[in-house]
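1. coords below, sequence missing:
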């Protein structure tokens, strides 16, 4: 049964169903997404990332509320990712708790996702879910990552615009930001602006940004100066400015041609990821009986290193061909 | 391909503010390998039905301690039906008088759990409520 016509007609139940099929990696999900794919490319993908407890969900709640209150508002989808338990595979997905103001608006669709063991701050299928939402006609899609530290930067390739969040009182988190997340930021936000230390945090980030642009002169080349904003998501302070910065960035991307470049980079990464995964699956299942297990055993027994054993397996497979 | 995972919405409709029970159940179901969407306090039946739809859950677990289950539950079931979500099972936990149980079950509630029910029994009921072929259908 094809879900494509219903999804395109705005049937939310069909969309929800399709998202599950894609998330579970089913052939049906892939076929449907493939048929919808020519309808994608219109949505502005906005990533929201930052350490746990910086207020990502609360900020998304306030931001989306504000965008929906505008004249001629965009239809908005949200994908919120939370971690799966590494032990049981289960997850508690609690981002909706902070987004209760968005309930009842038919122009909003919220989907929670468990990362199912992926390490980059998103789930493996997050970008595909966003594509389905894009095809379904949502003009903006917010991607809220797992609370992240330094290395969870997958959102940089999944989104057009990346908003990096920090909050005062995170101590060394600011130091961490300088090395990690800050590099992928298009917009930097210090949230919880009503707490003491907010201005200090903003100042530290501002100098880190200035240093960054002095070193690689990225800003002048790009023509985009990374704005630093202070917000208080709980009261809405500063959120209007954030909404305009996101809009400005979209315009900048389109004006400069950067939009197309980012789309291309994203597609390349997505194809690469699927290719690696599928090739590895195929390769392992094509091994003669016991050979792969024997390889694992030899590495466990320290007879050979993982890298060397993989070379061996590949050599043997290409000789046989 | 990912092994199929049961998705559950845990919601607290109505006005009582005690969510300890709901949180314990959410945690227990997570330990059992399920993905649990927790929506917080004071949800209306409309909010719950809409969240269940967007999240494409198999089961809704309601925690009601206020005694308002005979109005909240029928309303939710009606909304689910209107929206084409009949396949979603509804479980109820909380303080439910014995005489209400058969009525709730006739309405279509898949399970009623009173105080003192073990989390193991709840996990068992939730796991069994989703047909294996339904999970296989998710696998494709």
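-> Yep, that arrived. Nothing here was measured: the structure is a model prediction, and the numbers come from that model.
2. For residue 132, grab the count of nearby residues.
-> Here I'm looking at chain A. 28 (other CB atoms under 10 Å in any protein chain shown). All C-beta spots, glycine's among them, are computed from the backbone N, C-alpha and C.
3. You answered for a different chain; I wanted chain B.
-> For residue B:132, the neighbour count with other CB under 10 Å is 9.
4. before we move on, what about residue B:110?
-> Other residues near residue B:110 number 17, with proximity taken as other CB under 10 Å.
5. With residue A:108 instead?
-> Residues near residue A:108, counting by other CB under 10 Å: 22.
6. cool, the one 4 residues further on as well?
-> Using other CB under 10 Å, residue A:112 is surrounded by 28 other residues.
7. Show me what from chain A comes close to chain B.
-> When proximity is defined by CB under 8 Å from any CB of the partner chain, chain A lies next to chain B at A:12-13, A:16-17, A:19-21, A:23-29, A:84-85, A:88-94, A:96-97, A:100, A:103-104, A:109-112, A:114, A:116.
8. From the residues you listed, keep the buried residues only.
-> For those, a burial check counting by 16 or more other CB atoms under 10 Å in any protein chain shown picks out A:12-13, A:16-17, A:19-21, A:23-26, A:28-29, A:84, A:89-94, A:96, A:100, A:103, A:109-112, A:114, A:116.
9. can you pull out the helices in chain A?
-> Counting by DSSP state H, chain A has helices at residues A:4-8, A:12-23, A:27-36, A:56-68, A:126-135, A:155-158, A:173-179, A:198-216, A:218-222, A:239-256, A:258-285, A:291-300, A:306-320.
10. tell me what the second one is packed against?
-> The helices and strands touching helix A:12-23, judged by 3 or more CB pairs under 8 Å, 6 or more residues apart in numbering or on different chains; DSSP states H and E, are helix A:4-8, helix A:27-36, strand A:108-114, helix A:126-135, helix B:45-55.
11. Just the pLDDT for the residue lying closest to residue A:122 once chain neighbours are set aside.
-> The shortest distance from residue A:122 to any non-neighbouring residue, by CB to CB, 6 or more residues apart in numbering or on different chains, is to residue A:154 (4.6 Å). Confidence at residue A:154, expressed as pLDDT, is 86.
12. what sits against residue A:154?
-> When the contact criterion is CB atoms under 8 Å, 6 or more residues apart in numbering or on different chains, the partners of residue A:154 are A:118, A:120-122, A:126, A:145.
13. can you rerun that using 7 Å?
-> Contact analysis of residue A:154 by CB atoms under 7 Å, 6 or more residues apart in numbering or on different chains lists A:120-122.
14. Out of the residues you listed, which comes closest to residue A:239?
-> residue A:121 (22.9 Å; CB to CB).
15. give the contact list for the closest residue to that closest one other than its chain neighbours.
-> Once flanking residues are discounted, residue A:121 sits nearest to residue A:152: 3.0 Å by CB to CB, 6+ apart. Residue A:152 is in contact with A:49, A:120-121, A:145-146, counting by CB under 7 Å, 6+ apart.
16. Same check on residue B:62?
-> In this structure, residue B:62 makes contact with B:11, B:13, B:90-93, judged by CB under 7 Å, 6+ apart.
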